[in-house]
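Q: Please work out how this folds:
(one chain, ligands or ions: 2)
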Amino acid sequence: MSCIFCKIIAKEIPAEIIYEDEDILAFRDINPLAPVHVLVVPKRHVESINDLKEKDAELVGKMIIIAKKIATDLQTSQNGYKLLFRTGEWGGQEVPHIHLHLIGGARLAEEIHPA
Ligand code: AMP
Ligand code: ZN
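A: Ligands and ions are numbered 1, 2, ... in the order given. Down below sits the predicted model:
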């Protein structure tokens, strides 16, 4: 198993875990882009959005609901935040295990433009 997020899920390498249930682990990003930067990760290894099947709709919906709960718990829901799935090379995805970024705790600049 070479996937770094699978290793975090297996507790083989440490992370600052914010939320855990049978399907999902959420932990703080090691290189935060804002005061709140949490990754919401399914425990099952799925490489990217491109690999999702129809039957995964419930899991992805759960990831978003958990991100909302964490945003509320970390007091960033009132002011607002960003949820981001990077996908593949052009989308800037570096870790090939699907993850939802929750980024908040500050007013965020617009950052979407061609490189
Ligand atoms: P992405 O570019 O969307 O694939 O995002 C990968 C994210 O994972 C980056 O924001 C990294 O800072 C973060 N990351 C990489 N390794 C770790 C780790 N060991 N613990 C927590 N976050 C990590
Ligand atoms: Zn994995």
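Q: Could you tell me which residues of the chain lie near ligand 1?
A: Within the chain, the positions lying close to ligand 1 (CB under 6 Å from any ligand atom) are Ile4, Ala15, Phe27, Asp29, Ile30, Asn31, Leu39, Arg86, Gly92, Gln93, Glu94, Val95. C-beta coordinates here come from the backbone N, C-alpha and C atoms, glycine included.
Q: could you measure the nearest residue to the third one once chain neighbours are set aside against Ile9, distance?
A: This points to Phe27. Counting by CB to CB, 6 or more residues apart in numbering, Ala15 is the residue found nearest to Phe27 once chain neighbours are left out, at 3.9 Å. The gap separating Ala15 from Ile9 is 9 Å, by CB to CB, to the nearest Å.
Q: Could you check which of the two has the larger neighbour count?
A: Between Ala15 and Ile9, Ile9 has the larger neighbour count (other CB atoms under 10 Å), namely 23 against 19.
Q: Now do the same contact list for that one.
A: Leu25, Val41, Lys43 (CB atoms under 8 Å, 6 or more residues apart in numbering).
Q: Apply 10 Å and report the result again.
A: Under the criterion of CB atoms under 10 Å, 6 or more residues apart in numbering, the contact list for Ile9 reads 1, 3, 15, 17, 20, 24-25, 27, 41-45, 97.
Q: Determine the number of other residues adjacent to Glu110.
A: Glu110 has 5 nearby residues by other CB under 10 Å.
Q: Many thanks, we can stop here.
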